[in-house]
Structures are given as structure tokens and as C-alpha cells.
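Enquirer: give me the fold of what follows.
(one chain, ligands or ions: 1)
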Amino acid sequence: MRLAGLLAGTGGPLKRAMVDVVPTTTARACANIALVKYWGKRDARLNLPAAGSLSLTLEALVTTTQVAFDAGLAADELVLDGRAAAPAELARVSAFLDLVRAAAGIATRARVASRNQFPTASGLASSASGYAALAVAATGAAGVALSPRALSVLARRGSGSAARSVFGGFVRMHAGRDGDSDGAFAEPIASPLTERARIAIAVVGGGVAKAHGSRDAMDHTAATSPLYRAWLELVPRDLAAAEAALAAGDLEQLGAIAEGNALAMHASAIAARPAVVYWQPATLAALAEVRALRAAGRAAWATIDAGPHVKVLTSAADAQPVAAALRGVAGVTDVSISAAGGPAAIVTDREGSHRAS
Ligand code: PMV
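Expert: You can find the predicted model right below:
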């Protein structure tokens, strides 16, 4: 729109330039931390989770993604944090773009550039914010209008946790039933805790790449762990209790469920054969510090994903002292604090109009 306006009344080369300009759509999404974890699928092709999950979207961890469908491209292109992506990453993004192309009825290839604005050397997973931002940017660029719920179903095909990053604040992911893809969607949960909750992110080991990707590790746990059945029985109970805690504004209850749920997830992975162990000595030291903080009356409950880092659910009032204590743990290399983040959104649409920052 803006460009067309600028070029109005001009002819020749400028007019040609206008035709050559490929509309680009930019979107942003925040990462999220699961308080009741997603760990295991019931259908790998549709990426359907074996159980529901519950998370908090984090404003400090943002991915910004640009997508342009360009008839001049022979293949999709992907640049991640300024570098051409590895073939496996490109193949996964290309398969995701195929879903968007099918919905739009186009075959055009796309240029994708994605950037993570995460705390320094955070070593934190970016697939949640990455695929949520890609779902919003790619559908926007292709002119496919989807409801937030349908966007969450689409984002799930890229990464299970990405469905939750479509929404801000506390988010519930529904497992759905059988092979019904549309039943496995995310939705936000309003809670008095959204304003009050903080997550202190303690990076362990300087943010080195994790040894086992979550995808393979959850499949391996489901296939071999004698504790996996118990995990699946636990999740619905933890979800119901976490939702009750959110409705009541009970941070202590929510924290106790989150810490217990994360340890149960890791117990199932540790019992897999061979074992999947994400923890390092500093992970255990941080867990001990969290228990000590609680004993001293602070709001602090730990959760851990598919890596050694410890994320601590706390309150706005206790976030600084909790972060300071975590900084004192040997082997913790960085600590940052995040409040609840907002939903995934278009930053600049394909007409060039600015929508959000
Ligand atoms: O979305 P994925 O496939 O990267 O799996 C996420 C798995 C965990 O981060 C460990 C748990 C979760 O619910 O986010």
C-alpha cells in the first residue's frame, strides 16, 4: 500500500520495480514454559500430543520472523539469526510451509528469516516461539485468514509447544481425541496470577546445545520407559489441579504442581532405556537452592525442560531475591527474569502496514 502510494504516477523502471517487490509479512511470538509438560505423542505425522499441557508465555523470549512468498524462488530459503539454516532445519520448515501452501492453494516457494531475541547465551528452546511466529507470518504472507485457535492447530504441526505460544499469559493445550487434528488446540486461561507470576530463568552450562532433542527423547521415553504409563495417568490430574490453582489465584498450589510435574517428566525420561538424563550437577544445585528459598519463605518452584536449565516460577515481589540466589549457584552462568508475554501477532502485514511492535 505504502509502496504503491510512493510509486503512484511514475512509469518505466519504477513501475517494474513495484511489480518485482515481493510482499513480506513479519510476525512475532514469545516462547513459553510448560508448568504441566507435553511429553509424548499419540500420532507422529499429525504431531498429536498424548496428553494436554499448560504453560506460561514469556515476554522476555521473543522470536521475530519474516516470510515472503516469491515466484522467483526454485526452493524455500531459511535464514536463522543471520545464518543460512542447516538442511534438516530447512526441510522441517519447508514441510510446515507446505501446509500453508495447501491452505492457500499456491505452490510458490518462500524466503523465511527468523531472529531470536533471547537473553544472552540462554540455550533455551526456540521451537515454540519459532513455529508460532512462522504460522502467523506465513499465513499472513499467503493471505490465509485463520482464527487464533486454527493458528494454534497449525503451529502444533511445526512443534507441539508452539501451539501454546499463539496465545499470551497462561495457556491450556487440549489433547483432543483419536486422529482429530482440530481437537488438539491451545486456548488462553484468564487468571489473577497472570500479572503476578514471574519466571526466573537460570542457565546452566553456558547454553550449550542439548544432547537429546525433545522430539526423539519423548518418543524414546514413550517407547521404552516403564514409568511412561504412570506419567500419562498423572497429567490429567495435574492439569485439573493447575487449572483450579489458576482460577483461585493460588501461586503456591500452582508452583507445587509445576515442580512435581517437571520432576515426574524427568523421572520417566531417566527410566527410559537407555536413559535420557538432561541434568547436570548445577541443575541439582539450582533445585536445592529453590527448596532452600521456599524454606526461607520465598515463592519459588522449579521446572526443567529438555535441557539442564532451571526455570523458577516466582512472584513479582520475590523475583529479584530469587534471581540473586540463583546467580550464586555454582555452574549457573546467567539468570534473567520474565513476566507473562502477549499473544503471537503480525508486526508488519504484506501491505506494509505496521500493526504491533
Ligand atoms: O514442542 P516440542 O516438540 O519441542 O516439545 C516440548 C517439550 C518440553 O519442552 C520438554 C515440554 C513442553 O511442554 O514444552
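
Enquirer: got the phi and psi for the residue of the stretch 251-357 of the chain found nearest the ligand?
Expert: Closest contact between the stretch 251-357 of the chain and the ligand, by C-beta to the nearest ligand atom, is at Asp305 (3.9 Å). The way it works is simple: take the backbone N, C-alpha and C, and place the C-beta from them, glycine included. Per-residue torsions, Asp305: phi -100, psi -150 (degrees, to the nearest 10).

Enquirer: how close does it get to Ala145?
Expert: Using C-beta to C-beta, to the nearest Å, one obtains 33 Å as the distance from Asp305 to Ala145.

Enquirer: settle it for me: which of the two has more neighbours?
Expert: More crowded of Asp305 and Ala145, by other C-beta atoms under 10 Å: Asp305, with 23 against 8.

Enquirer: from Lys37, how far out is the more buried one?
Expert: From Asp305 across to Lys37, the span is 8 Å (C-beta to C-beta).

Enquirer: please apply the same query to Ala133.
Expert: Taking C-beta to C-beta as the measure, Ala133 falls 22 Å from Lys37.

Enquirer: for these two, indicate the residue with more neighbours.
Expert: The neighbour comparison of Ala133 against Lys37 (other C-beta under 10 Å) goes to Ala133, with 34 against 28.

Enquirer: so who does that one touch?
Expert: Residues in contact with Ala133 (C-beta atoms under 8 Å, 6 or more residues apart in numbering) are Ala27, Arg28, Ala29, Thr63, Thr64, Thr65, Ser114, Ser165, Ala344.

Enquirer: list the contacts for Leu254?
Expert: Leu35, Leu193, Ala242, Ala245, Leu246, Trp301, Leu313.

Enquirer: over to Ala285?
Expert: Val329, Ala330, Gly331, Val332.

Enquirer: so who does the last one touch?
Expert: The contact partners of Val332, by C-beta under 8 Å, 6+ apart, come to Ala202, Val203, Val204, Ala282, Ala285, Ala286, Val310, Leu326.

Enquirer: what do you get if the cut-off is 7 Å, keeping everything else the same?
Expert: Ala202, Val203, Val204, Ala282, Ala286, Leu326 (C-beta atoms under 7 Å, 6 or more residues apart in numbering).

Enquirer: just the first one next, same as before
Expert: For Val329, the set of contacting residues under the criterion of C-beta under 7 Å, 6+ apart consists of Ala282, Ala285, Ala286, Glu289.

Enquirer: that one belongs to a strand?
Expert: No: read with DSSP: H, G, I helix; E, B strand; the rest coil, Val329 is coil and lies in no strand.

Enquirer: from Leu263, how far out is it?
Expert: Taken as C-beta to C-beta, the span from Val329 to Leu263 is 18 Å.

Enquirer: likewise for the second one?
Expert: Taking C-beta to C-beta as the measure, Ala330 and Leu263 are separated by 21 Å.

Enquirer: many thanks, have a good one.
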